[in-house]
Structure formats: C-alpha cells, structure tokens
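Engineer: when you get a sec, could you give me coordinates for this:
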Amino acid sequence: MNAKLGEPTAAEIEAFYLGRKERFNDPFEKVQSEARSALKEARLEQRRQAFFDGLRADAKVTIRLQPPGTELPPDPSRLLGNAAAPVTIIEFGDFQCPFCQRVQTTLKELLSKYAGKVRLGFRDFPLRDIHPNAQSAAEASRCAAQQDRFWEYQDLLFANQNKLDRAGLLEQSRALKLDDSKFQTCLAEGKSRPKIEEDLKEGLRAGVSGTPGFFINGIFLSGALPASAFEQIVDQELAAKAP
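Structural biologist: Residues are numbered from 1 along each chain as shown. Next up is the predicted model:
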C-alpha cells in the first residue's frame with residue numbers, strides 16, 4: 001500500500017493545510033513538510049481501512065467475540081453529552097500533543113452523529129518528558145473545570161498549542177471571561193497535581209503509553225485514528241445494548 005500511495009502534489013498539500021490551518025498554528029511555508037507527512041499518513045490510514053473493510057465484506061466475516069474491556073469511570077466534571085448515553089468514550093490526552101489536537105474534529109463529529117447515544121470524557125495524560133507545557137496546561141484546564149468551562153477551555157488550548165506558557169494559559173482564561181482571581185489562585189495552589197498524577201497512573205495501568213488513547217465502553221483504541229475506527233466500535237456497542 002505504501003508503494004501505491006505516491007507522493008502528494010504541492011497543490012494537494014496546500015489544500016490539506018488550508019483545510020486544517022487552525023491546527024498548524026504557523027504559516028504554510030514553515031509547516032509544509034509537516035503537512036505533507038500528515039496528508040500521507042491520513043491517506044495511508046484511509047487506504048488501509050478501505051482494504052480491511054473490503055476483505056471483511058468479501059469474506060462475509062462476523063465477529064462474535066467481544067474484545068476485552070477495562071473499567072474506567074469518567075470524571076463527572078469533564079464529561080460531555082447525554083448522561084444516560086449507552087456509549088462512553090474516555091480520552092487520555094495531552095494538550096501539547098499535535099495528534100490530540102488533530103483528533104478533536106473527529107470526536108466532535110462522533111458526538112454529532114451519535115447525538116444522545118455517545119458521551120465523551122477526558123482524563124489527563126501529560127507527556128512531560130517531551131511536552132514541557134503539558135503539565136501546566138492540564139492544571140489550568142482543571143481550574144477552568146472548577147468554573148464549569150472545561151470544554152470551552154480545552155478547545156482554546158488545542159487551538160493555541162503555541163500559547164501554553166503561563167501567559168498563554170491566562171490569555172485563554174480571560175478570553176472565556178473566567179473569574180481571574182479564582183483562576184490564578186487555583187493555578188498557584190496546584191491542588192490538582194495529585195489528581196493529574198492519578199489519571200496518569202490509571203492510564204498506564206490500563207495500557208496507555210502515548211496520546212491520544214481512548215476507551216470506548218472500556219475497549220482500547222490508540223492514536224488519532226479516522227472516524228471509521230471509532231464508529232466500528234460504537235456501532236458494535238450500540239448493537240450489543242439494543243433491546
């Protein structure tokens with residue numbers, strides 16, 4: 001499949017960049033190589049998925065075994081969607097991770113497509129060795145959660161990954177008009193650090209080794225995969241829970 005993929009043209013790379021301009025946060029000239037790699041990766045994943053889907057359809061495969069699951073409760077303060085939804089997606093994420101940023105559009109599409117049937121939870125998994133601002137961003141997101149604005153704040157963090165230092169974290173807080181005094185006090189006290197550590201350890205115990213990592217009703221899925229990879233598991237879970 002790699003051999004048949006071919007190299008994307010300059011026009012295709014630029015079109016790919018323009019469609020995701022807000023995620024790159026830099027001029028095209030500066031991230032052209034990154035955009036080329038991301039486009040090739042997306043095309044390869046689509047080709048692989050189409051190939052596997054074709055094999056499964058031709059062979060009329062039916063999977064009756066249920067994949068192993070891991071019981072992971074969501075954090076109620078960072079839970080989006082219908083509280084009674086039969087399917088829960090829990091993301092272990094890092095606010096400085098470019099792949100976590102990339103998958104946010106897919107997650108929003110899933111919540112829209114399966115409205116009322118899927119809810120989304122977030123757990124912290126800061127990769128501190130390679131992302132120096134991930135820990136402080138995680139702490140700031142929990143400060144926003146204390147003011148019931150976690151999801152709006154996380155959207156701003158992912159949209160502004162070049163502004164995750166303290167000044168940038170305060171800038172995003174003020175953009176949402178959060179209580180500035182409470183937010184800064186929360187950041188200074190650092191009371192959320194033990195909870196972030198708990199998320200990190202629980203993710204490691206469950207098998208997460210990088211970000212993003214997902215559990216769909218306890219079924220593990222790793223990486224910024226296309227919507228079809230999520231939909232396959234969601235559809236299976238909905239079918240299993242159907243009366």
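
Engineer: secondary structure class of residue 90, three-state.
Structural biologist: strand (DSSP: H, G, I helix; E, B strand; the rest coil).

Engineer: state the helix or strand in which the residue most central in space within the chain lies.
Structural biologist: Nearest residue to the geometric centre of the chain (C-alpha atoms, centre = their mean): residue 100, 4.2 Å. Per DSSP states H and E: residue 100 is located in helix 98-113.

Engineer: quick one: strands adjacent to the helix or strand that that helix is followed by?
Structural biologist: Note on helix 98-113: by DSSP H and E, the next helix or strand toward the C-terminus is strand 118-124. Using DSSP bridges, strand 118-124 pairs in its sheet with strand 79-80 (antiparallel), strand 87-93 (parallel).

Engineer: break this structure into its domains for me.
Structural biologist: 2-59, 76-241 (automatic domain parsing).

Engineer: related to what we said a few turns ago, quick one: buried residues of the helix holding residue 100?
Structural biologist: Residues of helix 98-113 classed as buried: 98-104, 106-107, 110-111 (neighbour count, 16 or more other C-beta atoms under 10 Å). Any C-beta I mention is one placed from the backbone N, CA and C, and that applies to glycine too.

Engineer: and for stretch 202-215?
Structural biologist: For stretch 202-215, by 16+ other C-beta under 10 Å, it's 202-203, 206, 208, 211-215.

Engineer: before we move on, back to that, tell me if I'm right that the residue nearest to the centre of the chain and residue 224 touch.
Structural biologist: Yes: with contact defined as C-beta atoms under 8 Å, residue 100 and residue 224 form a contacting pair (7.3 Å).

Engineer: residue 61: neighbouring residues, count only.
Structural biologist: Look at residue 61: counted by other C-beta atoms under 10 Å, it has 8 neighbours.

Engineer: now do the SS call for it.
Structural biologist: Here residue 61 is recorded as coil under three-state DSSP.

Engineer: what sits against it?
Structural biologist: residue 55 (C-beta atoms under 8 Å, 6 or more residues apart in numbering).

Engineer: how far away is residue 112 from residue 70?
Structural biologist: 26 Å (C-beta to C-beta, to the nearest Å).

Engineer: before we move on, what about residue 191?
Structural biologist: In terms of C-beta to C-beta, residue 191 sits 28 Å off from residue 70.

Engineer: go on, residue 17?
Structural biologist: For residue 17, the distance to residue 70 - C-beta to C-beta - is 37 Å.
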